[in-house]
Every structure is written in C-alpha cells, then in structure tokens.
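S.K.: With the input below, show me the fold.
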Amino acid sequence: PVTIRPYRLEIFAGEVINKVAVVTFAGNVGALNGLADLDVKTDIISLKASTYKIDETSGGAQTVTFNGPVVLGTDVFFNLNGVLLDNNLSFLGTVNSDSTARSLSINTGAGALRFDGAVGFQILGPALNNVVILSGPLASTGVIQMKGASFLFSSASGVQVTDSGVGLLVNSGGLVSFPTAIGTDVTPLASLSIQGSSMVFGGSNIRTVGNASISTGIVTTPVLEGPGGALNVTATTGDITITGLIDTRGKTGISQQNGGNISIATAGGISVAGINTSAGTDKNAGSITLNSGNNKTITLNGAITATGGANGSSLSFNDDVILGGAVSILTAGNTGTSGNITFGETLGGSGSLTINSGKGDVVFTGATGTPGAPTGVITIEAARDLTVNGAISASSFSATLSGTLLVNAALAVAGAGSLELVADQMSLDAPISSVSGAITLRPFTTGRGMSISDPSATGLVLSAAEVDRITTTGLVTFGGNIVTGK
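M.R.: Numbering: from 1, shown residues only. The predicted model follows:
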C-alpha cells in the first residue's frame, strides 16, 4: 500500500497519440498514514483498492483531484476528514463502475466535493450500487448527475452547494435519503431532480432557484415515535413537481402524533400527486399551503388528506387549480374543528373532484370549468356550508351539506349529467341547470319538510323565483315530489 507522508503524490500520464494511459491503484492509499495530497491526471483512473485516506491525522486544507475518467473496480471509500481542517475532493471526469455495480462512500467532513462529470451514467455498463456522501458543499460546472441503487446524503449541515449555479440530479432504483436540508436561502441549488422509488427527508427545507422535480414520494415521518416533520419546498423561479405521495404523518407508538406542516411556494407552477398530513386520535393534522406564481397554476393529481383525530386542516387555493386526475380533498376533524376548503381562483381540467370537509365549509370563488370544457364529476360528500360565487360547469355535480347552500353564480352540468343538492337551507340566486340530466333537491335532515312558495312553512323552503331558475329536459325531484319538463 502507498503510505508516503506528509508528502503529496502527483501522477501525470498520457498525452501520447493513439495510446491510452491507465493509472491503477491496486493497493489501499494511505492505509497506515494519510497522504497530504493526491492528484492524478491521465486517460483512465482505475480504482481497484478499497480505501483512500488523505491527511487523516495531520489536518490541513489539502486536496484530492482525479482529472480523468474514474472506474471503480471494487467498493471504494474515500476518507478525507482531517483533524483541523477538512480536505477537498474533486472528480473532474466521469465516475463509473466496471462490469459490476460498485458502492462509493465519501467522507470529506466539511471539505468541498466536486463532480464535473456524470456519476454512474455509463451507457454499456451498470450504474453504481450504494452511494453514501458526507461532505461540505457540492461543487460542479453545472448539474451534478448521479445514478445508483441507493443514496444517502448524511452531512449534518445538509446538501449545500458552493454557488447557485450548481444543481443536483439523482437517479435511483431504491431509497434516496436526505437526513437534513437541501439547499439554503442564501445559496439555493440551481435545480433539483430526484428519480427513485422513495425519498426519506429528515430536514424541513428544500430550496432551489430553478425547477425542483421529485418523481417519487417524500416521507418526513420520523424513525422513532414523534410528530411528523415539516416540509418547506421553495423555488425562486422554477416549477415544483412532486409525482409521489408527500407524507408528513407522525410515527405512532405509545401515543398518537400530529401531522407535519407542508408549504410549497414558487414563482412558477406547482404539480403534486398526493399529500397526507393526517393525525391520529386527539391530534391535529398538519397545515397545507400551496402558492404558485402570478399567471401560474397548481395541478392536483391525487388525494390530499388533512384529517385529524382532533382538528382537520383548512386548505385555501389562492391560484388557478387544474384537476389533472382523480382528485380528493379530505379535511374533516373528529372531536375538534374541520378544515375549510376554498378555491380562490379558477378550477379547471378534466379530472374529477371529491371533497369531504366534515363540518368545514367549501367555497368556489372563481369559475370552475367552462361550458365548452367542463370539469369531471364533482362530488361533495360532506360539508357544512357550500358557497358558489363563481360559475360552475361540470360533467355532474352533487353536494351533501349539513348547513346552507348559497348559489350566487350559475351551476351547470353538461349533457345528461345529474345534479343533486342536499341541504336544510338553500338560497338559489343563480341558474341551476342540466342539459338532459336529472336534478334533485332535498333536505339534509331525514323527515324535514320541503315546500315551494310557502314562506309560512317550516323546513326547506324555495321561492317560485328560485324554482324558475332550475332547468333541464330531464326530471326535477323536490324532496320526493317529481316535476317534469322544466
């Protein structure tokens, strides 16, 4: 093994026409005493030894630089964690396995780790196996690209970068784990792309300038019993796309736990698949805040669950929302309050929407769908009050309310779609229509009476003017009494 100390080791080979120079490390480097420096420049760097120990005992701000393609011939561990200062490690070319997937472990302490070439992205050979990185700030000429079976970024200070021109792309078939933050407010990543089967996040902040794309779920549930961890994803200008479940539920054990809060904000667009901040018995769901930029949209593609054993969490959309698939929003609280659901701007897309806010209110402020492009089925399974302040066009619509229905803008369903409204109190100040589908209006409370044009009656009372605003060529049912041809 090479144990020269405290000298630096420099190897330069190659630059011969029609010749490929290969520098091979067959024995461990610095196994007994770490080198002060290691710099290699050649056509191919073959690492067949497992351990590379640089300046372990003397400290000092030293460097290790591999200038050329690196091929791992075994599982490799770099230990550059100095005593007084930490050392920098730079890969100026690509890093790949040989014909067998190899693991790569790196510890530079607080020293910088640089990747200028792709890691594990060779075309004809395997990706890396397991990758473990404990380092100071990451450096590169652009986006660091890494591919392997699993990744653990274990630095206590989180994943930081030397400047905001450095981005990170991780492609993994397994678990990608970040115990702490990704990026900082002072130095956010240029961009972030995580492609894996699942992502465990022990920090609270993910910060980028450009796009943040996570094609897997994010789990902030702690390993030990405790409340769910909070999640803040912020991009300065880029889009934020998360295609898996964001799960901030607590880890239950002897007792139930609160869910963690979620905040996603950017000047670009937002797209999420599913969110779960729910909590157990007598506990509170975590809050959910989604803020996209001006003239940008929030796309929902799955279930959003913020139910609590005590209190559910309110959810307000202050930007245009697109239904990208079958969407459900659940905010009920059991023993406490239920969360209100408010669509502050437009709601569009061809997807369906199911809402259960328990005893919480639902408000549609902007237009929902258009006559030429209605949304899919909208079903409000349970809510207290429903207020329609923006025109609604859907393929069908139903609402079951324990409180009051306020229709202040047109409520229409397309074609033969049905429309069912169930509430003990209704105020119909705008048209309610279906082209040819059935329309049903009835009280919520079993046995409650319903009358038309009789203000002296008790129960659900509709005026003649309100009834005149109901149109369809199909059937209209009022609490069991059928009126046809309206």
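
S.K.: residue contacts, the residue lying closest to residue 297 once chain neighbours are set aside?
M.R.: Distances taken as CB to CB, 6 or more residues apart in numbering put residue 320 closest to residue 297, at 4.7 Å, once the chain neighbours are dropped. To be clear about C-beta, it is placed using only N, CA and C from the backbone, and glycine gets the same treatment. Counting by CB atoms under 8 Å, 6 or more residues apart in numbering, residue 320 touches 296-298, 345-348, 366.

S.K.: Now tabulate those in TSV and tack on pLDDT and distance to residue 420.
M.R.: Converted to TSV, the contacts of residue 320 look like this (pLDDT from 0 to 100; distance: CB to CB, whole Å):
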residue	pLDDT	distance to residue 420
296	93	34
297	97	29
298	98	28
345	96	26
346	97	24
347	98	19
348	97	22
366	97	23
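
S.K.: Switch these over to TSV; also include neighbour count.
M.R.: Formatted as TSV, the contacts of residue 320 follow (neighbours: other CB atoms under 10 Å):
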residue	neighbour count
296	15
297	21
298	22
345	17
346	19
347	25
348	21
366	18
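
S.K.: Quick check: of those residues, which lies closest to residue 280?
M.R.: Residue 280 has its nearest neighbour among the contacts of residue 320 in residue 298, at 28.1 Å by CB to CB.

S.K.: Secondary structure element holding residue 467?
M.R.: helix 464-468 (DSSP states H and E).

S.K.: Show the contacting residues for the spatially most central residue of the chain.
M.R.: The C-alpha lying nearest the average C-alpha coordinate of the chain belongs to residue 242 (CA atoms, centre = their mean; 3.7 Å). Neighbouring residues of residue 242 by CB under 8 Å, 6+ apart: 214, 217-218, 233, 264, 271-273.

S.K.: one step back: with distance to residue 184 and secondary structure as new columns, can the contacts of residue 320 be given to me in a markdown table?
M.R.: Below are those laid out as a markdown table (distance: CB to CB, whole Å; DSSP: H, G, I helix; E, B strand; the rest coil):
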| residue | distance to residue 184 | secondary structure |
| --- | --- | --- |
| 296 | 24 | coil |
| 297 | 28 | strand |
| 298 | 25 | strand |
| 345 | 31 | coil |
| 346 | 35 | coil |
| 347 | 35 | strand |
| 348 | 36 | strand |
| 366 | 36 | coil |
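
S.K.: about what we covered before: kindly list the main-chain dihedrals of the residue nearest to residue 297?
M.R.: phi -60, psi 140 (degrees, to the nearest 10).

S.K.: got a pLDDT number for it?
M.R.: Listed pLDDT for residue 320 reads 97.

S.K.: do the same with residue 252
M.R.: Residue 252 is given a pLDDT of 89.

S.K.: same deal with residue 217?
M.R.: 88.

S.K.: distance of it from residue 154?
M.R.: With distances taken as CB to CB, to the nearest Å, residue 217 is found 20 Å from residue 154.

S.K.: Looking at these two, which one has more neighbours?
M.R.: residue 217 (20 against 16; other CB atoms under 10 Å).

S.K.: Tally up the residues packed near residue 171, please.
M.R.: Neighbours around residue 171, by other CB under 10 Å: 19.

S.K.: any idea how far it lies from residue 216?
M.R.: Separation of residue 171 from residue 216 (CB to CB) stands at 11 Å.

S.K.: where do the contact lists of those two overlap?
M.R.: 195-196.

S.K.: Am I right that residue 263 is in a strand?
M.R.: Yes: counting by DSSP: H, G, I helix; E, B strand; the rest coil, residue 263 falls inside a strand.

S.K.: What separation do you get for it and residue 230?
M.R.: 8 Å.

S.K.: Please apply the same query to residue 335.
M.R.: The separation that residue 335 has from residue 230, given CB to CB, amounts to 24 Å.

S.K.: next one: residue 8
M.R.: 46 Å.

S.K.: Same check on residue 66?
M.R.: Counting by CB to CB - residue 66 and residue 230 are separated by 39 Å.

S.K.: which of those two has more neighbours?
M.R.: Shown here are residue 66 and residue 230; by other CB under 10 Å, residue 66 has more neighbours (22 against 18).

S.K.: and that one, what does it touch?
M.R.: Each residue near residue 66 by CB under 8 Å, 6+ apart is listed here: 40, 45, 90-93.

S.K.: Recalculate using a threshold of 10 Å.
M.R.: By CB atoms under 10 Å, 6 or more residues apart in numbering, the contact set of residue 66 is 23, 38-42, 45, 47, 89-93, 95, 114, 117.

S.K.: ditto for residue 165
M.R.: Residues in contact with residue 165 (CB under 10 Å, 6+ apart) are 139-143, 189-190, 209.

S.K.: Read off the pLDDT value for the nearest residue to residue 425 once chain neighbours are set aside.
M.R.: Leaving aside its chain neighbours, residue 425 sits nearest to residue 404 (4.1 Å; criterion: CB to CB, 6+ apart). At residue 404, the pLDDT value in this model is 98.

S.K.: And residue 404, its phi and psi?
M.R.: Taking degrees, to the nearest 10 as the convention, residue 404 sits at phi -120, psi 140.

S.K.: Counting neighbours, what do you get for residue 25?
M.R.: 20.

S.K.: repeat for residue 398
M.R.: With other CB under 10 Å as criterion, residue 398 counts 18.

S.K.: what's the next secondary structure element after the helix or strand that contains it?
M.R.: Assigned by DSSP H and E, residue 398 belongs to strand 397-401. Under the assignment DSSP H and E, the closest C-terminal helix or strand after strand 397-401 is strand 404-407.

S.K.: Leaving aside the residues adjacent along the chain, what's closest to residue 352?
M.R.: residue 376 (3.8 Å).
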